[in-house]
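A.B. asks: Sequence unavailable; structure follows:
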DNA sequence: AGTTTGAGTTTACTTTTAGATACTCAGACG
DNA sequence: CGTCTGAGTATCTAAAAGTAAACTCAAACT
């Protein structure tokens, strides 16, 4: 793509994804859901996040269909809500694994990673890769970005 | 990983990556670098980002080794700095492609994506995938997160 | 009837981050 | 010497986030 081309950058899937997951705490809440948390008090305790923000973020993630609410019941207590991830939420895993992988490479604890991601069936470690439709691994530098169907020029002001 | 285990969540590669790329504008600046921008005025014009924030983000990205400065010279003007991406910066591509892919799937323009990522050699579209060491594609639900070498419990207060 | 509990909401205050605008600086040019 | 230009600083205001504590609500338990 030509560097000097004035693209309409508001029409960008990266920016639109960041509108949802780009606020503070949001990705960390999803991380905790993947690691097994589901209750308001779980998130609060493990993240140390302010309750008002936690409530706002959970509400937004449910509205966006990334989390869904179910109920749980401890014996001797009434039913309470819990948060579970949806298929739409699971589809954020590659992006977050990309962040995890970069952090493991460049900002890890000297001892190594705190968490290892493994293939449940075979136990082998997993990582994020870029591949082309033909199944070949692609280096980041070999990716070319070309205008797609919704490419728009920026209107001159 | 046990849901009720009180992990030390400060020791997390996702959180540490977000400390760097989680601020507003940072990922969008990197997107523009990938798409070909390199000058202060390019970023300002195309992003519409406040200049003081832009200057602060560029300085931080250079300090972190994600961007590097070079100089360019237009004929009839003095030398000025430009920003180029480093190998460390290129390693963020999988994470950002993950965001792009999610946005294309769930928040795209009705007409389709604004930008298509293609393999430079063969022209085929590329996407982000999770694979295990043996090269097999892995579904997000088949990833198991287990404690790694730097796993730490949270200290009881 | 009163108490406990998880899941919030509300309020009040401080700090941080973002945004808008004006100003500076240095070298090229006339 | 005065002006123009790209790349910033500086300054001020506004919005968002952080902190802390009090308050609500409903069912369960004493």
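C.D. replies: Perfect, I can see it now. As the structure is a prediction and not an experimental result, all values here were calculated from the model.
A.B. asks: Now do the strand or helix carrying residue A:104: which elements does it pack against?
C.D. replies: For residue A:104, the element it lies in under DSSP states H and E is helix A:93-106. Secondary-structure packing of helix A:93-106 (3 or more CB pairs under 8 Å, 6 or more residues apart in numbering or on different chains; DSSP states H and E): helix A:26-35, strand A:115-119, strand A:126-132, helix B:13-21, helix B:93-106, strand B:126-132. The C-beta positions use only the backbone N, C-alpha and C, and glycine is treated the same way.
A.B. asks: which other helices and strands contact the third one?
C.D. replies: If I follow you right, that is strand A:126-132. Using 3+ CB pairs under 8 Å, 6+ apart, the elements in contact with strand A:126-132 are helix A:93-106, strand A:115-119, helix B:93-106, strand B:126-132.
A.B. asks: Next, the angle helix B:13-21 makes with the helix holding residue A:104.
C.D. replies: Between helix A:93-106 and helix B:13-21, the angle comes out at 80 degrees (axes from the mean of the first three to the mean of the last three CA atoms, to 10 degrees).
A.B. asks: Contacts for helix A:93-106 next, please.
C.D. replies: A:17, A:21, A:27, A:30-31, A:34, A:113, A:115, A:117, A:126-128, B:12-18, B:21, B:88, B:91-92, B:94-99, B:101-102, B:128-130, B:140, B:143 (CB atoms under 8 Å, 6 or more residues apart in numbering or on different chains).
A.B. asks: can you rerun that using 6 Å?
C.D. replies: A:113, A:127-128, B:13-14, B:16-17, B:91-92, B:94-95, B:98-99, B:102, B:128, B:130, B:140 (CB atoms under 6 Å, 6 or more residues apart in numbering or on different chains).
A.B. asks: Next: stretch A:50-60.
C.D. replies: Under the contact criterion CB under 6 Å, 6+ apart, stretch A:50-60 has outside partners A:25-26, A:29, A:43-44.
A.B. asks: Tell me which of the helices and strands packed on strand A:126-132 sits nearest to residue B:83.
C.D. replies: helix B:93-106 (16.4 Å; CB to CB).
A.B. asks: for that closest one, which positions count as buried?
C.D. replies: The neighbour-count check on helix B:93-106 (16 or more other CB atoms under 10 Å in any protein chain shown) flags B:93-104, B:106 as buried.
A.B. asks: Regarding residue A:72, which helix or strand does it belong to?
C.D. replies: strand A:67-73.
A.B. asks: Return the mean pLDDT over that strand, rounded to an integer.
C.D. replies: Taken as a whole, strand A:67-73 has a mean pLDDT of 97.
A.B. asks: Taking helix A:26-35 as reference, get the angle to that strand.
C.D. replies: Using the same axes, to 10 degrees: strand A:67-73 against helix A:26-35 is 50 degrees.
A.B. asks: centre of the chain versus strand A:67-73, how much separation?
C.D. replies: Distance, stretch centre to chain centre, for strand A:67-73: 20 Å (CA atoms, centre = their mean, to the nearest Å).
A.B. asks: go on, stretch A:57-70?
C.D. replies: For stretch A:57-70, the distance to the chain centre is 13 Å (CA atoms, centre = their mean).
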